[in-house]
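A.B. asks: got a structure for you, letters missing:
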């Protein structure tokens, strides 16, 4: 019998795993079960930044390996992700932030992150229109951006083309464990999907699902706001952030500005992925973005949305096997910065599921067992 692998969650991580599994071994039966539509939760609502600058040391190697993949990802997937490598720029607007910038850059360069310190004149040459109060900044030439839903659809189409089954409207209610090993997952309609390996990549819904077998992860849900302006003349190439200010600013190919930075929205119904924007967050985000990049202040807001993001206490994801349950893999808790990692996360999950070299050097510090996981129930 062919190996059967069920992936719970049709966001980027689950779809990337499905693509990599079928590309590695066409005999493996791969089924993705998505509770709504692919990309309907955090993946499709993402700011879609593709960066290594500012990463925690535990995920820098993973980010570097992932960014190396993005250059050829459209070709690999035979699809359009909207990827553009325009660099990443983080500016210093006050003397304290500017005084700390050289050491911040040097610490990351020691891990092979290609950062450089820019003077105020350098910053304005790279991004004309930046705040007159800019003292300088840090720049990473290999950072960039992509399209959130475009990338989701590219992975989904590629996985399907290779023979993965991607079932939408297929919520999972339970994971079956027999003799300490995964045996099946159960859909909301009662159908059982027998499997040799289960990959849980269900974002904010991961803890509830795992709790049913006694696996507890200290994961919380935060709704993060995104804003999109009306179109303006294209003038901003890099993705812009600012030390000490909640900001992620991109200008899209059509001229609209996409503004994030971790501003909160409010969850109204987590089970239904429902949220509402907060007036104070909308105002605050627009004010920060306009102060850092004054040309944006003249742009009208077109719309806003939020994505329900799963956060871990240390703001780092959990990736890899759950030691108490054979055949159970987890990829969740990406804490608002998982989008860029999706090519390598999917590859790692596929390698783990198939028993291949799983590149542990890239994710050693992200293992689920770094957090307390209590006794596993068998059902």
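C.D. replies: It's in. Just so we're clear, the structure is a prediction, and the values are computed from it rather than from any experiment.

A.B. asks: Now the spatially most central residue of the chain: closest residue in space that isn't a chain neighbour?
C.D. replies: In the chain, the residue lying closest to the centroid (Cα atoms, centre = their mean) is residue 338, at 2.2 Å. Distance criterion Cβ to Cβ, 6 or more residues apart in numbering; nearest residue to residue 338, sequence neighbours excluded, is residue 317 at 6.1 Å. C-beta coordinates here come from the backbone N, C-alpha and C atoms, glycine included.

A.B. asks: Wait, that neighbour touches residue 331, no?
C.D. replies: Yes. Residue 317 is within contact range of residue 331, at 6.9 Å (criterion: Cβ atoms under 8 Å).

A.B. asks: Between those two, tell me which one has more neighbours.
C.D. replies: Looking at residue 317 and residue 331 with other Cβ atoms under 10 Å, you find the greater number of neighbours at residue 331, namely 34 against 27.

A.B. asks: what about that one, helix or strand, and which?
C.D. replies: Assigned by DSSP states H and E, residue 331 belongs to strand 328-332.

A.B. asks: who's in contact with the closest residue in space to residue 6 that isn't next to it in sequence?
C.D. replies: Spatial nearest neighbour of residue 6, chain neighbours left out: residue 195 (4.2 Å); criterion: Cβ to Cβ, 6+ apart. By Cβ atoms under 8 Å, 6 or more residues apart in numbering, the contact set of residue 195 is 4, 5, 6, 31, 182, 183, 184, 185, 327.

A.B. asks: What pLDDT does the model give residue 374?
C.D. replies: Residue 374 is assigned a predicted lDDT (pLDDT) of 41.

A.B. asks: I meant residue 379, not that one.
C.D. replies: pLDDT at residue 379 comes out at 39.

A.B. asks: same question, residue 370
C.D. replies: At residue 370, pLDDT is 85.

A.B. asks: what's the answer for residue 2, then?
C.D. replies: At residue 2, pLDDT is 86.

A.B. asks: Which residue ranges make up each domain of this protein?
C.D. replies: 4-49+149-216+314-370, 88-141+221-311 (automatic domain parsing).

A.B. asks: So which of these is the most surrounded?
C.D. replies: domain 4-49+149-216+314-370 (a mean of 21; mean count of other Cβ atoms under 10 Å).

A.B. asks: which stretches of this protein have low pLDDT?
C.D. replies: Applying pLDDT under 70 to the chain flags the ranges 372-379.

A.B. asks: Pull the residues that contact stretch 174-184.
C.D. replies: With contact meaning Cβ under 8 Å, 6+ apart, stretch 174-184 is reached by 6, 8, 185-186, 192-198, 200, 209-210, 212-213, 324-328, 376-379.

A.B. asks: and residue 84, how many residues sit next to it?
C.D. replies: Using other Cβ under 10 Å, residue 84 has 17 neighbouring residues.

A.B. asks: who touches it in this structure?
C.D. replies: With contact set as Cβ under 8 Å, 6+ apart, residue 84 has these partners: 144, 145, 146, 253.

A.B. asks: For the last one, identify the helix or strand it belongs to.
C.D. replies: It refers to residue 253. For residue 253, there is no host helix or strand (DSSP H and E).

A.B. asks: is it true that it touches residue 82?
C.D. replies: Yes. Using Cβ under 8 Å, residue 253 makes contact with residue 82 at a distance of 7.5 Å.

A.B. asks: returning to what we had before: what's the farthest-apart pair in the contacts of residue 84?
C.D. replies: Pairwise distances across the contacts of residue 84 (Cβ to Cβ) peak at 12.3 Å, for the pair 144 and 253.

A.B. asks: quick one on the thing from earlier: quick one, which of the domains of the chain gets closest to residue 57.
C.D. replies: With Cβ to Cβ as the measure, domain 88-141+221-311 is the member of the domains of the chain nearest residue 57 (6.4 Å).
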